[in-house]
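Colleague: Prediction below, plus the sequence it came from.
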Amino acid sequence: MCSSTISIEGILGEGDLAAAVLQKRILALREENTRAMLSIDSEGGSIDDVIDIVAFCRYFEIPFDTCAAGKVCSAAFLLFCYGERRLAMKNAEFWYHRPSHYVHGHDDDVAGIGRYLEFRESAVINEVVRRALAYQSESDAENSMLSIPLLMKAGVVTEVV
């Protein structure tokens with residue numbers, strides 16, 4: 001099965017990057033017997049849209065790959081982590097912020113976001129995020145840049161292209 005790229009440039013959940021629109025594009029590729037490669041250059045957006053996209057793909061058993069093509073921030077980082085193969089361009093930037101920024105009402109820890117995501121049909125992302133953050137510095141900074149070597153060591157990035 002060959003792959004075709006779906007470009008994700010902008011804010012997840014808005015316009016052409018709403019869950020329903022991306023789901024239709026991914027499903028259309030599956031019907032053509034083509035695997036989706038989500039090329040991500042995004043500041044983030046709606047975590048609910050990310051989880052809806054992934055739940056849809058899991059329900060219909062549609063695997064997809066992700067490629068960090070530029071900035072991969074916030075909810076876009078979570079979408080990246082869902083890829084079966086997770087590629088990164090050499091110039092990609094990964095930005096993560098504390099889980100409470102993703103999910104209001106949970107403790108500011110990995111378990112908080114893990115419980116929410118697991119509830120929304122995701123065990124894989126919980127493990128990937130846990131591995132990524134296990135290598136993160138103890139910085140109190142609101143936003144942290146995660147390096148590609150760190151993410152490779154954690155098994156989050158599977159290949160640099």
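Modeller: Yep, that arrived. Residues are numbered from 1 along each chain as shown.
Colleague: The chain: strands as residue ranges?
Modeller: 3-12, 35-45, 64-73, 86-88, 93-97, 143-146, 159-160 (DSSP state E).
Colleague: Skipping adjacent residues, who's closest to residue 146 in space?
Modeller: If the residues on either side of it in the chain are set aside, residue 146 comes closest to residue 94, at 4.3 Å by Cβ to Cβ, 6 or more residues apart in numbering. (C-beta placed from N, C-alpha, C; glycine too.)
Colleague: who does the one you found bridge with?
Modeller: Per DSSP bridges, residues listed as beta-bridge partners of residue 94: residue 72, residue 146.
Colleague: what's near enough to touch it?
Modeller: Contact analysis of residue 94 by Cβ atoms under 8 Å, 6 or more residues apart in numbering lists 68, 72-73, 77, 80, 88, 145-148, 151.
Colleague: quick one: which of those residues is nearest to residue 13?
Modeller: residue 73 (13.6 Å; Cβ to Cβ).
Colleague: Confidence-wise, which of the strands of the chain is weakest overall?
Modeller: The weakest mean pLDDT among the strands of the chain belongs to strand 143-146, with a mean of 74.
Colleague: Alpha carbons only: can I get that strand in PDB?
Modeller: What follows is strand 143-146 as a C-alpha-only set of coordinates in PDB (Å, rounded to 0.1, in the frame of the first residue of the first chain):
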ATOM      1  CA  ASN A 143       6.300  25.500  27.500                       C
ATOM      2  CA  SER A 144       9.200  23.100  26.800                       C
ATOM      3  CA  MET A 145      11.000  22.300  23.600                       C
ATOM      4  CA  LEU A 146      11.600  18.600  23.300                       C
END
